[in-house]
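# Any chance you can model this:
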Amino acid sequence: MKLIGQEQVEKLEDRHYTVTELAEIWKMSHNTIRRMFEKEPGVVVFTHQKLNKRIYRTLRIPESVAKRKYQAALVLKAS
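Residues are numbered from 1 along each chain as shown. Here you go, the predicted structure:
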C-alpha cells in the first residue's frame with residue numbers, strides 16, 4: 001500500500017543540483033541548463049523579488065529529474 005505523498009518524500013531524499021553544478025558536470029552554459037530545467041516537472045523553483053526590481057529565481061534540480069532529462073537526450077541522439 002502506498003502512502004499519500006510518499007513520492008514527494010522520496011524526491012526530498014534525492015540529491016538536488018544547482019544550475020552551476022549541472023553546468024560544470026555537463027560542460028554547458030548556465031543559461032542552457034536554466035532553460036532546460038526551468039519548466040521541468042519536479043524541479044524546485046524558489047522566487048524572490050526586491051522592491052521595484054526584477055524577480056529572481058533559484059532552481060534546485062533533483063538527481064532523478066537530471067537523469068531523466070539526460071536519458072531522453074541520449075535517446076534523441078541515438079535516433
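# use CA for all of it now, contacts and neighbours both
Fine.
# My guess is Arg15 contacts Val65. True?
No - checked against CA atoms under 8 Å, the pair Arg15 and Val65 is beyond contact range at 10.3 Å.
# Neighbour count: those two, which is higher?
Taking neighbours as other CA atoms under 10 Å, Arg15 and Val65 compare with Val65 leading, 19 against 11.
# looking at this, that one is in a strand?
No - going by DSSP: H, G, I helix; E, B strand; the rest coil, the assignment for Val65 is helix, not a strand.
# What residue, apart from its backbone neighbours, is nearest it spatially?
Gly42 (6.6 Å; CA to CA, 6 or more residues apart in numbering).
# Regarding the one you found, what is its secondary structure?
Once three-state DSSP is applied, Gly42 turns out coil.
# Would you mind measuring from it to Arg54?
24 Å (CA to CA, to the nearest Å).
# Of the two, give the one with the bigger neighbour count.
Each of Gly42 and Arg54 has its neighbours counted (other CA under 10 Å); Gly42 has more, 16 against 9.
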